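1. Take this sequence and fold it.
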Amino acid sequence: MTMTHKPVPGADLGPLSPAGFAAYAAGVDPPAEMIAPGTYVVPIPMPGGGIVTSTLCYVLSDGQGRAHLIDPGLNSEVGWQRLTHALADWGMGSVASVVVTHMHLDHLGMAERVRQEWGARLIMGRTEWRTYRATPSDADRVARYDAWGVPVDRRPVMPPELTVGYASEAMGPQHMDSPPDRLVDDGDQLDMGRPIQVMVTPGHTDGGLSLRDDQQHWICTGDQVLPHMHPALGLDYAPDGDPVGDFLDAAERLARFDGYAVLPGHGFQFQRLAHRLDQISAHHLRRSRQVRDVVADMPDATVWELASRLHWTRGFENLEGYLLNSALQQTEMHRTFVRSARSAPYLSHDTSTTNAPSGT
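-> Residues are numbered from 1 along each chain as shown. From the prediction side, this is the model:
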């Protein structure tokens, strides 16, 4: 009998590190390794297991014993030891700067510790910093549920962000003690031992950054483009934002760099950027079309009523807490998109999608 082996999701993207891709396929952390001259990656662990085992922290050497970091990950003793040991192995005794692609704690959490330890400059996008300071209050959340028409007895009880299941990791503080040392905008340039170009690529968050090395031809995408899951959109957006439209526009900009190696925030490094952007865009547009069809039948429906008529893997009636809140946010943002003029060229024709999971 002939045995067939199902391809590992993401194999079609052209993985760049055999060891890193094998670790992803096995569900374990990838190795710390050099991925280009003077450019390294070290996985900073995330607790809880599952499809996301670590945040990929990228390390750039300036050639003089100093490092520049992108997304140092969660602040834990395990992560700190892993980072410092890797820097020592690579001959880097200090950190000159640390850039965070977006405000989520699995990317930002250890940045303040790095700044305090080495006096590193902490760099963040200007829009993302504004969003970081404007965390919605409980009153804001209640007002949003009112506007969405969520029944009082079904309103999600939200756990504290990034605390559940983390105690075993000896977690430290995950916040910044003071503002970033530099705020950057689209088109700015960073000196990280060589010139690094800043692109503001919203969608996952309102002001997330992608960082581009035009000498080595790679682009670091944070959570905007991941190889193994469809990144969630609209996280930490203002209520009047359009994350779906923002993501699709940013995808068109990023696709111009299709020949560049992709350094994502999780998963593995890969080559086929435009192909992956097509897959992710198709996934989100499939949901937009579902919302468009329901809105056509029920133009005055509340977000709650719309969400209850969409397909959810777990079943809408079984959603609660974070998952229910996420479903309602998705419904609202897709409704905003389909009602906007910018949706017309994207929704004028059907595109296929893949079965990679959503999240992050």
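
2. Pull the contacting residues for the spatially most central residue of the chain.
-> With distances taken as CA atoms, centre = their mean, residue 223 lies nearest the centre of the chain, 2.1 Å away. By CB atoms under 8 Å, 6 or more residues apart in numbering, residue 223 lies in contact with 101, 102, 104, 107, 204, 205, 208, 231, 264, 265, 266, 360. (Glycine included, C-beta is placed from N, CA and C.)

3. Let's see the pLDDT reported for it.
-> We have a pLDDT of 97 for residue 223.

4. do the same with residue 9
-> Residue 9 is given a pLDDT of 82.

5. Equivalent analysis for residue 168, please.
-> With respect to pLDDT, residue 168 scores 47.

6. swap in residue 355?
-> 41.

7. Ok, the one 4 residues further on next?
-> The per-residue pLDDT reported for residue 359 equals 51.

8. Of the contacts of residue 223 - the most surrounded one?
-> Tallying neighbours with other CB atoms under 10 Å puts residue 208 at the head of the contacts of residue 223, with 32 neighbours.

9. now residue 287, nearest residue through space, not along the chain?
-> Leaving out its chain neighbours, the residue that sits closest to residue 287 by CB to CB, 6 or more residues apart in numbering is residue 334, at 5.5 Å.

10. Neighbours of the one you found, how many?
-> 28.

11. which SS class is residue 221?
-> Using DSSP: H, G, I helix; E, B strand; the rest coil, the structure places residue 221 in strand.

12. same question, residue 197
-> With three-state DSSP as the criterion, residue 197 reads strand.

13. Quickly list what it is bridged to.
-> residue 189, residue 212 (DSSP bridges).

14. ok, back up a step: list the buried residues in whichever helix or strand the residue nearest to residue 287 is part of.
-> Here residue 334 sits within helix 321-338, counting by DSSP states H and E. Buried residues in helix 321-338, counted by 16 or more other CB atoms under 10 Å: 324-338.

15. on that earlier part again, would JSON lines of the contacts of residue 223 with secondary structure and distance to residue 256 be doable?
-> JSON lines is the format used below for the contacts of residue 223 (DSSP: H, G, I helix; E, B strand; the rest coil; distance: CB to CB, whole Å):
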{"residue": "101", "secondary structure": "coil", "distance to residue 256": "19"}
{"residue": "102", "secondary structure": "coil", "distance to residue 256": "21"}
{"residue": "104", "secondary structure": "coil", "distance to residue 256": "26"}
{"residue": "107", "secondary structure": "helix", "distance to residue 256": "24"}
{"residue": "204", "secondary structure": "coil", "distance to residue 256": "19"}
{"residue": "205", "secondary structure": "coil", "distance to residue 256": "22"}
{"residue": "208", "secondary structure": "coil", "distance to residue 256": "18"}
{"residue": "231", "secondary structure": "strand", "distance to residue 256": "19"}
{"residue": "264", "secondary structure": "strand", "distance to residue 256": "18"}
{"residue": "265", "secondary structure": "coil", "distance to residue 256": "21"}
{"residue": "266", "secondary structure": "coil", "distance to residue 256": "23"}
{"residue": "360", "secondary structure": "coil", "distance to residue 256": "24"}
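
16. hang on, the earlier thing: what pLDDT is listed against the residue nearest to residue 287?
-> We note a pLDDT of 96 for residue 334 in this prediction.

17. and if you look at residue 181?
-> Reported pLDDT for residue 181: 98.

18. same question, residue 44
-> At residue 44, pLDDT is 97.

19. where does residue 96 land in three-state SS?
-> Residue 96 ends up strand, using three-state DSSP.

20. Pull the contacting residues for it.
-> So residue 96 contacts 62, 66, 67, 68, 118, 120, 121 (CB under 8 Å, 6+ apart).

21. Where neighbours are concerned, which of the residues you listed has the most?
-> Ranked by neighbours (other CB under 10 Å), those are led by residue 67, which has 27 neighbours.

22. Not counting its neighbours along the chain, what's nearest that one?
-> Residue nearest to residue 67 in three dimensions, not counting chain neighbours: residue 92, with 4.1 Å by CB to CB, 6+ apart.

23. as a whole number, average confidence for the top helix by length along the chain?
-> With secondary structure taken from DSSP state H, the chain has its longest helix at helix 273-297. Across helix 273-297, pLDDT averages out at 96.

24. Name the spans of this structure whose pLDDT lies under the cut-off.
-> The chain contains residues with pLDDT under 70 at 1-5, 49, 158-170, 350-360.

25. mind redoing it with 80?
-> Under the criterion pLDDT under 80, the flagged ranges of the chain are 1-7, 48-51, 135-136, 158-170, 349-360.

26. quick one: the strands in it?
-> Secondary structure of the chain by DSSP state E: the strands cover 33-36, 39-45, 54-61, 66-70, 94-99, 121-125, 182-184, 189-191, 195-200, 209-213, 218-222, 230-231, 261-264, 358-359.
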